[in-house]
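In: Any chance you could fold what I've pasted below:
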Amino acid sequence: MANRELINITKFLQEKGFEFLEGLVTLLSFSENKRLVTETFFNEDGKLLTDRVLYEEMLTEEGELMFLELANDWFAYIKEDHNRSGDSKYLTQLYKNKKAIVDKVQKYTQWSWALGVSNHWAIGINNPKGNGYLEDSLLFTAENTIEGKALYVMYRNEEVGYEVEYMEYNRTLGGWDYEGEFRKYAIICQSHNLSEIENTVQSILNPGEENLLKFIQYGYWYVVTNKLMAGYSNYENGELLYFASTDKLFLEVAYERQLFKITLARVKHSITKGTVIIHSNNIEKSIAYYVETERELVRKLETLSCLSNEFV
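Out: The predicted structure follows:
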């Protein structure tokens with residue numbers, strides 16, 4: 001984890017003003033009690049140590065997942081009214097809400113692959129990492145509706161193990177013939193080694209072998225464009241880095257002032273597959289987040305794509 005400075009207490013109070021002191025004390029005390037941080041920021045008498053700095057490496061595993069959002073929402077709340085600075089009940093409710101989201105994401109994604117997905121592919125089912133599967137269980141699906149391709153991962157049986165089915169459809173009037181014979185069909189991998197199966201799937205979803213950022217997704221988010229590269233940060237200001245859509249939702253990432261701006265939106269009318277232009281009159285509801293690091297970006301993309309109905 002990067003040793004990023006999250007809260008420099010002296011600088012924070014200089015910039016925000018001492019009217020935020022009580023709110024900061026409430027937040028840091030609460031974070032210690034909930035074990036979101038590994039160190040204390042108070043002396044033996046309970047006084048705030050104003051020369052201390054909270055670094056990212058001081059966050060616990062749970063703190064990594066929620067502290068920054070908890071802090072941002074808490075400070076936005078008390079900014080409206082500084083009399084709220086000691087409102088620990090509100091802070092507790094914020095924490096419970098965020099923990100519920102974190103727990104749901106972990107529950108829903110624990111058996112899923114994190115993959116780098118290139119343009120035109122959409123992952124449907126993503127549940128290959130479990131155990132005790134019945135024979136002929138369908139574990140993973142992906143479709144490319146522009147090129148008429150599909151990919152399935154099956155668990156066949158104890159003898160065969162897992163297999164990857166690859167298919168290409170024939171063209172019919174204005175679309176693909178999903179009911180007739182395949183133009184091409186092949187079992188491209190059979191193995192008891194799930195890592196080998198995963199590597200085969202990844203090679204199909206990212207044929208250019210680009211260093212695409214990997215994150216968990218499912219639910220047929222159709223990827224229109226994906227320029228998110230792992231370990232890369234030299235993006236241009238205002239550049240569209242990622243856009244994916246379902247029938248009535250879209251998820252996009254743009255780069256603004258050295259931050260990733262993530263937007264999730266619900267629309268009134270169905271989105272034309274392949275477009276990245278959504279008229280403002282068609283947007284029913286949207287929510288935007290700004291994150292700084294790749295790690296935060298991955299967590300937020302997984303949360304918004306897997307639990308989109310919780311937000312919009």
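
In: which residues in the stretch 101-250 of the chain form helices?
Out: Chain-ordered helices for the stretch 101-250 of the chain, with DSSP state H, counting those that start in this stretch as the definition, fall at 194-205.

In: which stretches of the stretch 51-200 of the chain have low pLDDT?
Out: For the stretch 51-200 of the chain, no stretch has pLDDT under 70.

In: In it, what residue spans correspond to strands?
Out: 53-55, 114-115, 121-126, 137-144, 149-157, 161-172, 175-191 (DSSP state E, counting those that start in this stretch).

In: Can you give the domain ranges for the protein?
Out: 5-109, 114-205, 215-310 (automatic domain parsing).

In: could those go into a markdown table alongside mean neighbour count?
Out: For the C-beta atoms, the positions are set from N, CA and C on the backbone; glycine is no exception. Listed next are these as a markdown table, based on neighbours: other CB atoms under 10 Å:
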| stretch | mean neighbour count |
| --- | --- |
| domain 5-109 | 15 |
| domain 114-205 | 16 |
| domain 215-310 | 17 |
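
In: for the residue nearest to residue 73 when sequence neighbours are not counted, what are its contacts?
Out: Nearest non-adjacent residue to residue 73, counting by CB to CB, 6 or more residues apart in numbering: residue 94, 5.6 Å away. If you count contacts by CB atoms under 8 Å, 6 or more residues apart in numbering, residue 94 has them with 70, 73-74, 77.

In: Ok, residue 139 next?
Out: Neighbours of residue 139 in contact, by CB under 8 Å, 6+ apart: 125, 127-128, 130, 133, 153-155, 162.

In: go on, residue 115?
Out: With contacts defined as CB under 8 Å, 6+ apart, residue 115 is in contact with 123, 198, 201-202, 205-206, 214-217.

In: For it, list each beta-bridge partner.
Out: Counting by DSSP bridges, residue 115 is bridged to residue 215.

In: Now do residue 186 against residue 92, distance only.
Out: Taking CB to CB, to the nearest Å as the measure, residue 186 falls 55 Å from residue 92.
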